[in-house]
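In: Structure here, sequence nowhere to be found:
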């Protein structure tokens with residue numbers, strides 16, 4: 001027998017509920033008047049498998065609907081768009097950026113360790129102002145960014 005919503009609230013306190021997604025300019029589109037739908041806990045994140053709020057919108061006329069694929073915690077940790085998963089600053093794929101900067105950051109494999117790691121990341125991101133990247137990317141020296149500007153689209 002499954003537990004009811006009211007009795008099992010331990011892990012729900014860590015689920016993401018946000019008001020607006022983290023998006024790049026390409027995914028947002030050129031229309032300043034977009035209509036966005038919000039679905040609380042609509043899907044699980046492709047990276048950390050925690051439920052998160054899904055946003056769907058049409059970026060422009062005669063374009064297909066776009067939706068968020070990863071949670072905001074993972075997007076802030078890796079500094080990527082929630083939809084296309086490209087780097088927010090340079091527009092590079094995450095694998096290319098991490099290989100160029102020699103970053104080897106991965107999530108723990110077991111579910112308990114992953115949950116503990118993400119709780120620590122959430123608390124660390126809550127202490128910052130939220131404008132810069134989190135994780136290993138936020139601790140890099142500025143001279144490494146020259147290589148990324150050469151690789152940028």
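Out: Received, thanks. In this text, all values refer to a predicted model and were calculated from it rather than measured experimentally.
In: make it CA atoms for all contacts and neighbour counts henceforth
Out: Will do.
In: Any regions of the protein where pLDDT drops low?
Out: Across the chain, the ranges flagged by pLDDT under 70 are 1-15, 129-153.
In: Longest helix of it, counting residues only.
Out: Longest helix in the chain, counting residues (DSSP state H): helix 111-127.
In: name the helices or strands packed onto it?
Out: If contacts are counted by 3 or more C-alpha pairs under 8 Å, 6 or more residues apart in numbering; DSSP states H and E, helix 111-127 sits against helix 72-78.
In: packing partners for the next helix or strand after the helix it packs on?
Out: Next helix or strand after helix 72-78 toward the C-terminus (DSSP states H and E): helix 94-101. Packing partners of helix 94-101 (3+ C-alpha pairs under 8 Å, 6+ apart): helix 145-151.
In: Mind naming the longest strand for this structure?
Out: strand 36-44 (DSSP state E).
In: Name every strand pairing with that one and say which way it goes.
Out: Strand 36-44 pairs in its sheet with strand 51-57 (antiparallel), by DSSP bridges.
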